[in-house]
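# the following comprises the amino acid sequence and a computationally predicted model.
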Amino acid sequence: MILSRHFYARPTVEVARDLLGKILTHGECSGLIIETEAYLGHHDLAAHSAAGLTERTRVIFGPPGHAYVYLSYGIHECFNIVAEPEGQPGCVLIRALAPLTGLDLMRTRRQASTPDHRLAAGPGNLTRALNITRQLYGHDLTRQPLSVHTNPAPLTREIEITPRIGITKSADLLLRFMLRKHPSASR
DNA sequence: CGTTAGATTTCCT
DNA sequence: GGAAATCTAACGT
């Protein structure tokens, strides 16, 4: 069942935590969300929205449940989901998936030697494996082809909460959420 | 590589 | 003079 808009219209931290174990689908590829990071609207200098509303960050201030995709270091794309009610900035970076379907297709986009559980481990690897590009900027995640679904299976692992990865500003905040010791999480 | 703010230049009413 | 266009350089979930 597809996650409804009001799942996303909540505090960013809650959305980041609750996305763990949900299913992200793009076309025939899908995976379990294993690792997320929250980027807040207030008191978070690492968030792109901290600089205010610009053309690139516009979607973060818009209605929840939409995709914020940006290019990092000119190399890899990163995929975020907008949270908070409309007008309030906040988004969740999806950092890692455990692949469920479309593994062969994912592997054609990655190195052939990549083991299954690492195909979508890491924010750049994830967008590469699922072919999520800036063309999907602003896409509504309650619709096909890129959507998030409930998972009837309960979580079998503890949630681990740590500082976020690869940032300098607001680096002390505990805003990274992951399933503890999962093989598809960051190292 | 793209985005951004800030600087510099253009050019127009 | 000042707005708009263009250039530049720093930096990045």
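Cool, got the structure.
# show me where chain A has strands.
A:23-26, A:29-40, A:67-72, A:76-82, A:90-101, A:146-149, A:159-162, A:176-179 (DSSP state E).
# quick one, which of those strands is nearest to DNA strand C?
Closest of these to DNA strand C is strand A:90-101, at 3.4 Å (criterion: Cβ to the nearest atom of the strand). C-betas here are computed from N, CA, C, even on glycine.
# rewinding a little: any chance of the strands of chain A in a markdown table, plus mean neighbour count and mean pLDDT?
Formatted as a markdown table, these follow (neighbours: other Cβ atoms under 10 Å; pLDDT from 0 to 100):
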| stretch | mean neighbour count | mean pLDDT |
| --- | --- | --- |
| strand A:23-26 | 22 | 98 |
| strand A:29-40 | 25 | 98 |
| strand A:67-72 | 18 | 97 |
| strand A:76-82 | 22 | 97 |
| strand A:90-101 | 24 | 98 |
| strand A:146-149 | 18 | 98 |
| strand A:159-162 | 14 | 97 |
| strand A:176-179 | 22 | 98 |
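# how about JSON lines for the ones you listed, with distance to A:E55 added?
Formatted as JSON lines, the strands of chain A follow (distance: least, Cβ to Cβ, whole Å):
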{"stretch": "strand A:23-26", "distance to A:E55": "25"}
{"stretch": "strand A:29-40", "distance to A:E55": "18"}
{"stretch": "strand A:67-72", "distance to A:E55": "12"}
{"stretch": "strand A:76-82", "distance to A:E55": "16"}
{"stretch": "strand A:90-101", "distance to A:E55": "16"}
{"stretch": "strand A:146-149", "distance to A:E55": "21"}
{"stretch": "strand A:159-162", "distance to A:E55": "32"}
{"stretch": "strand A:176-179", "distance to A:E55": "28"}
